[in-house]
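J.: Sequence plus the predicted model coming up.
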Amino acid sequence: MPSDIFACFFFFRHGILSPQHFEPGAFTVLADYGYVGILLVAAILFTILLLLIPLTLSLLGVVPRKSNPVKTSTYECGLETIGKTWVQFNFRYYLFAILFVALDVLTIFLYPWAVNLRGLGLFGFIAMVAFFIILLVGYVYAWRKGALEWK
Amino acid sequence: MILKELQLLTPELSLLVFALLVIMLDLFIKQKKVLVVVSIAGILVSAGFTLSLWGIHATDILYAMLSVDQYALLFKLIFLVAAGLVILASQDYISKFAQFQSEYYALVLISALGMMLMAAAQDLIAVYVSLELSSISLYVLASFLKDQKSTEAGLKYLLLGAVSSAVLLYGMALVFGLTGHTCMPCIADSLKGMPISNIMQSPALLMGLILIVAGFGFKIASVPFQMWVPDVYEGAPTPVTAYLSVASKAAGFAVILRVLFVVFGATAWLSQDWGLLIAVLSAITMMVGNVVALSQSNIKRMFGYSSIAQAGYLMVGLAAVGMAAGSDALGRSGLLFFLMSYTFTNLGAFIAIIAISNKLNSDQIEDYTGMSKRAPLLAIALTLCLVSLTGLPPTAGLIAKIYIFNGAVNHGLLWLVIIAVINSVISAFYYFRIVKVMWMGAPASEEKVPSTWALRVALSLCCLFVLLLGVLPAGFMGIAQAAVKIFTGS
Amino acid sequence: MPYQIPWLIFLLPVCSLLIIAFILRPFFNNRPKLGGYVTIAAISTACALSLWVLATVIAAPGHKLDIPDFQWLVIGNLNVHFGLLIDSLTAVMLVVVTIVSLMVQIYSQGYMDGDSGYHRYFAFMSLFTACMLGLIMADNLVLMFLFWEGVGLGSYLLIGFWFHRPSAANAAKKAFIVTRLGDVGFLVAILLLFAQTGTFDTEELHALAIAGTLGGTVLTWVAIGIFSGAAGKSAQFPLHVWLPDAMEGPTPVSALIHAATMVAAGVFLVARFHPLFEHSEVALTTVAIIGGFTAIFAASMGLVMTDIKRVLAYSTISQLGYMMLGLGTGGVAIGIFHLFNHAFFKALLFLGAGSVNHGTGTFDMRQMGGLRKAMPWTYATFLIGSLSLAGIWPLSGFWSKDEIVASALDKPILFYIAMLTVFMTAFYMFRAIFLTFEGEYKGGAPAEHGSHGPNNSYGPHESSKVMVIPLVILSVLSVFSGWLNVTGAFSSFMGHGGEVEAHGFIQGFFGVLSHPVPLISLAVAALGVFLAYAMYSARWISAEVMGRIFKPMYVLFSRKYWMDELYENVIVKKVLINGVFAVLGLFDEKAIDGAINGVANGTVAAGRELRRLQTGQLQFYAMFIVLGLVAITVCYYIFA
């Protein structure tokens, strides 16, 4: 297993990028992808391993096979669903959801800005004011168009 | 420093202010005509600021995210002109979505803003963000009619646009990974320092190049990334189609030229490498565009393929830039001149089509029969633009083609120019089919085709410039040459 | 002088054309006079500027102005520029064209009064003048050819001005097609020159011809090609057939285009490229022979015409032949000097004929007569023009004709032809004068003939002042213009300084009568005048008897040597339509159409197939993008 990981590491560092041609440091960022690749391969292998263990045990007959209706039902506990699962929600929910997401996500910007306010200086302040004016225009737009009313 | 940077940003800032103003005004006033005036005023103000910056020494602003230089300024003017003409020409069309006028104008302005930033972007991140700004506005605009076809067009554009954005991002990520930079000149420096002399030695660079070309190829409608064009052009509202075919394509070329030239023009072998790639794509693009256009019966669809073919001609210039590897500016200035010519020509054609199809409620070419009797001035204007698209004298199209082909021949792309000339001949068949139908056939009805003053002004401006660029091109060539000067130092 | 002035000369008539077409015609259609005023204002300014240019050229060293080129297109190593070539030849032509054009425009105010196409007329006239000025100033062959065709277009439009008359429409068509035949040769010459030298520039070509780089058979063919273009425009045999028919246009048009300027463009062209001709003996001889033959050939037909404009038309052809003869034997100065003089007196004669038509409503001399009393001004000026044309001392025609005859001395056949032509010219002009102005008035024509003139129910009358004044000015020029070369000043200006002995004006003016050649030609001309007098005024000899005696010749002349029939029935119908066109048509149908259709059908079919890829399915489109990416990558790995 470790040899696989090393092979993978080699693939990224030597197979594609041929580091011996490069000056050191020039490809460090892409090499970081190499570690991501290692993790990815490790994750896939780990999943396969976890699937293989019960299968092997079952084949070896270690695991008992005793089936009954309760064991095979969808919910061993809880309620059965009544009616169709494809319910149509009122479209107004979407409108609210979109507005919420838009304003909410944008508001998150405030935090990093607030943390760095001193460092960003006047320019940062002006940029943020402009940003909020634009946000405000969107808000007023939604308001005047009646998007905030449930009708 | 802040004030200086803000001053350099005035074209974009003023356009943004006016776009917001349009949205706000719509909420509080009843007289919707004001919106057009405000939009046009915004474009004029922004164009005024752009012109006032002309002649400036190239300056990096916003932490080298944007570069304010003549190249960007010329493109900004092209986008503003296109947006202005499209807004003027929309006056006949606006009744189809009268309820959403302000949104329409604001979206046109904001997408123009996105394109202006694209032209100025000097950092891959800035390129991507401004590209998305303009694209998302255009996705909405494409589905503005809200009928079946328009919605389909918008959705297709959105989904395929998302795919291409992803492709572009992959490409940028690879380049970033390879060099550790997102700023274009820094990437170029880093590439110069690499001890490789062939693109095959660095698969990451190869994939980065291909993916980036593919991402922009979608924007400029190059084969094999052109599949969206006919469907979207046909379904979108006609003024939006005009806007897509001109401004969006120009923006694509603005940024692809900068990225390819600054980043991938770092070394001569790399430059010639992508030059050849673009040359091959260009040949295929021209062939596909022209050949398929022959068998179209819907004029908007036909113009979709025509715009693919025109992208092919433009890519001849781009290929020449690559093959030149920075040795002369012929290809670059030719590309800019062709874009100027194409902007006016294609917009003129579309404006005439807007007026005619508005009356006919049809985009079928056969319905244009006898249009010379029903709308003589529109027919003359459309004929002029078609002549220019074919590339015949005395119009801008001819000079533009001579310009761009000359650059290509000088850099060993004679074979490509021969293909391009053959394609020009093929294109004459479908362009002149419209001319023939308009002038030779008997009209189905004698009813005149009406048009608003705004549309007439826009159309006359287009025709004027088509002729001006064709008859007295020297001045415009001077502008194009001045605009690409910023690159010669790098 | 600022170098923009020559450009301005060209642009003024262009502006007048644009103003009439885009402002006056759409918005002031009910005030037709404005069109005339605009044109006259533009051309009179151009005329004044032309005189300025002439004065500057005279003062300039080498009689040549340096005008900076206009850079039209600079793309890499492709540099398309054009400019103006202002030398003595251009300056003289400028003055001739603008003066005659100005006179004709003023005259047209009266002649075209009340015509429904007044604006159109002046717009076309401006177009023609602009093209003509462009033609004489252009410094390269491409531009020259463009304007060359432009004047042809102007001529076509103006001959067919009254297009509702079938005869006018046909004449316009004929003029256009016949001159096109000559232009084929011109175009071939241009292409040949470019293939050989890689330049279109007139002066560079001159230099190459003089240096001998351009020579031999190529030069001969080029010169003959240029001459074929000139022969078409200047109505030289065998392409002369269109000019008499062109008289269907309004008379001022005939005066400007078909007498003074456009037909002289052929002569100008040969003069402009004279250095090329000079280095090819064959070409120069061809010019002289064709010119001489045309001179006598056309004059013979002029003897028997009954339509006064046709007499003048044949006279024009004959005189153009004279100019060609002068160019072929003498040189630029001699040919152009005759062009210069001829422009004034022939324009005068045509305008006089127009005035006669205005008074009587007809061009048929058999229905005129006795107009001397009714139209004294017209008569006086017409007489001056005729005397000048006949070459009577000391009017202008004498001086230039004398030079041509003298230059032909060493080619005896051409000399005798020239002398015979002098006789014929004097005869037919005075035949016209006696028939028109002497004797009894024979009633003119019914009113419907003169569809454009005022109603002439009250008999022949003098024309209005606006028509008479140009006649007077032109008659003054017809008297004096020839005196410019009495001392050899004109010739030396045109670059023939070495050949002409300098002498005083008085000495030259009277001394010319002491030489034998001028005396003989004067005597011959006088004989012609006398014979005309004897036949048509005193009637000592009956014209009918003469007609019977020389019946075969009379028929031959009056049927114009059956040239029209030859063209129409034999060449066009038999050779072209049944022969060449039929074969070409077959070839076109079978070979070319087959090939083109095959390719076109193939392309369209390919389009249909490719179109199928456009399924409309989003998944497929996205797939296509990915496939494209894969294909590009694979190609890289295969080919790189």
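T.: Cool, the structure landed. What you see is a predicted model; the values in this text were computed from it and never measured.
J.: And for residue 76, the neighbour number?
T.: Using chain A. 8 (other Cβ atoms under 10 Å in any protein chain shown). C-beta here means a position set from N, CA and C on the backbone, and glycine is covered the same way.
J.: should've been chain B
T.: B:K76 has 29 nearby residues by other Cβ under 10 Å.
J.: Can you spell out which helices and strands pack onto whichever strand or helix holds it?
T.: In the assignment (DSSP states H and E), B:K76 maps to helix B:70-89. The contact analysis (3 or more Cβ pairs under 8 Å, 6 or more residues apart in numbering or on different chains; DSSP states H and E) places helix B:70-89 against helix B:10-28, helix B:33-53, helix B:101-120, helix B:238-243, helix B:249-258, helix B:330-360, helix B:453-471, helix B:474-488.
J.: average pLDDT for that helix?
T.: The average of the pLDDT scores along helix B:70-89 is 94.
J.: can you pull the contacts of B:I2?
T.: Neighbour list for B:I2: A:L122, A:F123, A:I126 [criterion: Cβ atoms under 8 Å, 6 or more residues apart in numbering or on different chains].
J.: 7 Å instead, please
T.: A:L122, A:F123 (Cβ atoms under 7 Å, 6 or more residues apart in numbering or on different chains).
J.: That one and B:A319, how far apart?
T.: 42 Å (Cβ to Cβ, to the nearest Å).
J.: thought C:L387 was touching C:S396?
T.: No: at 9.8 Å, C:L387 does not count as touching C:S396 under the criterion of Cβ atoms under 7 Å.
J.: between these two, who's got more neighbours?
T.: C:S396 (29 against 25).
J.: And for that one, nearest residue in space, chain neighbours not counted?
T.: The shortest distance from C:S396 to any non-neighbouring residue, by Cβ to Cβ, 6 or more residues apart in numbering or on different chains, is to C:G482 (3.0 Å).
J.: again with B:S248
T.: B:L138 (6.2 Å).
J.: Name the helix or strand for that neighbour, please.
T.: Assigned by DSSP H and E, B:L138 falls in helix B:124-142.
J.: next helix or strand past that helix?
T.: Helix B:124-142 is succeeded, C-terminally, by helix B:148-179 (DSSP H and E).
J.: any idea of the angle that next one forms with helix B:124-142?
T.: 180 degrees (axes from the mean of the first three to the mean of the last three Cα atoms, to 10 degrees).
J.: and helix B:148-179, what does it pack onto?
T.: Packing partners of helix B:148-179 (3 or more Cβ pairs under 7 Å, 6 or more residues apart in numbering or on different chains; DSSP states H and E): helix A:28-60, helix B:124-142, helix B:184-192, helix B:203-220, helix B:228-235, helix C:618-639.
J.: if we can go back for a sec, turn the helices and strands packed on helix B:70-89 into TSV, columns for mean neighbour count.
T.: Formatted as TSV, the helices and strands packed on helix B:70-89 follow (neighbours: other Cβ atoms under 10 Å in any protein chain shown):
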stretch	mean neighbour count
helix B:10-28	20
helix B:33-53	19
helix B:101-120	26
helix B:238-243	29
helix B:249-258	26
helix B:330-360	26
helix B:453-471	19
helix B:474-488	17
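J.: how about these, which one is nearest C:A299?
T.: Of all the helices and strands packed on helix B:70-89, it is helix B:453-471 that lies closest to C:A299, at 46.1 Å by Cβ to Cβ.
J.: Now the residue of the stretch 251-400 of chain C found nearest chain A: closest residue in space, sequence neighbours ignored.
T.: Among all residues of the stretch 251-400 of chain C, C:L276 sits closest to chain A, at 66.5 Å; criterion: Cβ to the nearest Cβ. In space, and not counting its chain neighbours, C:L276 is closest to C:A209: 4.7 Å by Cβ to Cβ, 6+ apart.
J.: any idea whether residue 67 is helix, strand or coil?
T.: Unless you meant another one, I'm taking chain A. coil (DSSP: H, G, I helix; E, B strand; the rest coil).
J.: my bad, the chain I had in mind was chain B
T.: strand.
J.: ditto for C:N79
T.: C:N79 - assigned by three-state DSSP - is strand.
J.: So what's the residue count around it?
T.: Residues near C:N79, counting by other Cβ under 10 Å: 11.
J.: so who does it touch?
T.: Per Cβ under 7 Å, 6+ apart, neighbours of C:N79: none.
J.: what separates it from C:L141, distance-wise?
T.: 16 Å.
J.: With C:F363 instead?
T.: Taken as Cβ to Cβ, the span from C:F363 to C:L141 is 39 Å.
J.: Equivalent analysis for C:F227, please.
T.: C:F227 is 14 Å from C:L141, by Cβ to Cβ.
J.: Counting neighbours, go ahead and name the busier of these two.
T.: Neighbour tally, C:F227 and C:L141, criterion other Cβ under 10 Å: the higher count belongs to C:F227, 31 against 24.
J.: Appreciated, that's everything.
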